[in-house]
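In: Here is a sequence with its predicted model. Questions after.
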Amino acid sequence: MSDLNTRHKDTAAVVTGGAQGVGLAIARQLVAEGCRKVMLAGRDAEKGARAVAELAALGADAVFTAVDLQDTQACLDLIDAAVGRFGTVTVLVNAAALGARGTLTDTSVELWDQMFDTNARAPFFLMQGFVRHRQVQGGGGSIVNILSQCAHCGQSYLAPYSASKGALAALTKNVANAYRFDRIRCNAILPGWMDTPGEDITQRKYHGATDGWLERAEAAQPMGQLCKPHQLAGLASYLLSPDAGVMTGALIDYDQNIAGSYPE
């Protein structure tokens, strides 16, 4: 295994959802392991500026690009912008997602389209731009898609979200298979319930959560916590690094509750 402090010294990364939560945690981990070229993409320029300042203080050439992931051309332009900035892109992290609620019977066409445009179509075209670039560069490179345990099923009120993550799961394997001989690896992480700024907003907006909800939720979990972005980031960094070897097409469950298990 390579030195953890330098294994990403040659990495040039694009991270969507990079201004906060999982995306920012992964970007921090890459920089901690030697990455000096990071483009963060998201919607909130103010949060993006704070994230860039943090990574720059750690020695990275970091830049934030405001992107509407429902704009397909903007997704393709993002890869081109990163190549223009860094000369190349070797790593892509698709961490951005829309997590709005909707059941089978109350989901509008508009919500369905927004969900799939953000959670499935955007990663598709980001990967398209990335793979095309890597092929021109002679191959190599790594992708990590952040999915969800909901890709296995999900609650009734997450019908379109679960469907979009299931689509990205299949796409992860398809891309991994299609570009094996270009040495482009594509893997995914499927986290369970996570402690993120976005989750706090979601719990308050959709589920009437009040102050202290996180502590109450964590007390009921088998390991006494929700999934933490900084813990997941180490796994993502490994998957993106040469240390992962030939690993590709993997869908890794990242949770303390086991898919397919039932009460004793």
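Out: Everything's here; your move.
In: For the closest residue to residue 154 other than its chain neighbours, give its distance to residue 147.
Out: Leaving aside its sequence neighbours, residue 154 sits nearest to residue 162 (C-beta to C-beta, 6 or more residues apart in numbering; 3.1 Å). All C-beta atoms are positioned from the backbone trio N, CA, C, and that covers glycine. For residue 162, the distance to residue 147 (C-beta to C-beta, to the nearest Å) stands at 10 Å.
In: how about residue 13, secondary structure?
Out: Under the three-state scheme (DSSP: H, G, I helix; E, B strand; the rest coil), the conformation of residue 13 reads as strand.
In: Excluding residues flanking it in the chain, which one is nearest it?
Out: Residue 13 sits nearest to residue 91 (C-beta to C-beta, 6+ apart), 4.2 Å away.
In: and if you look at residue 218?
Out: The nearest residue in space to residue 218 (C-beta to C-beta, 6+ apart) is residue 225, at 5.0 Å.
In: and if you look at residue 179?
Out: Closest residue in space to residue 179, ignoring its immediate chain neighbours: residue 131 at 5.8 Å, by C-beta to C-beta, 6+ apart.
In: List the contacts of the spatially most central residue of the chain.
Out: With distances taken as C-alpha atoms, centre = their mean, the residue of the chain nearest its centroid is residue 95 (1.9 Å). Applying C-beta atoms under 8 Å, 6 or more residues apart in numbering to residue 95 gives the contacts 15, 16, 17, 18, 21, 22, 23, 26, 146.
In: What distance do you get for the residue lying closest to residue 36 once chain neighbours are set aside to residue 25?
Out: Leaving aside its chain neighbours, residue 36 sits nearest to residue 60 (5.2 Å; criterion: C-beta to C-beta, 6+ apart). Computed with C-beta to C-beta, the distance linking residue 60 and residue 25 is 14 Å.
In: low-scoring pLDDT stretches of the chain, where are they?
Out: Within the chain, the ranges that satisfy pLDDT under 70 run 1.
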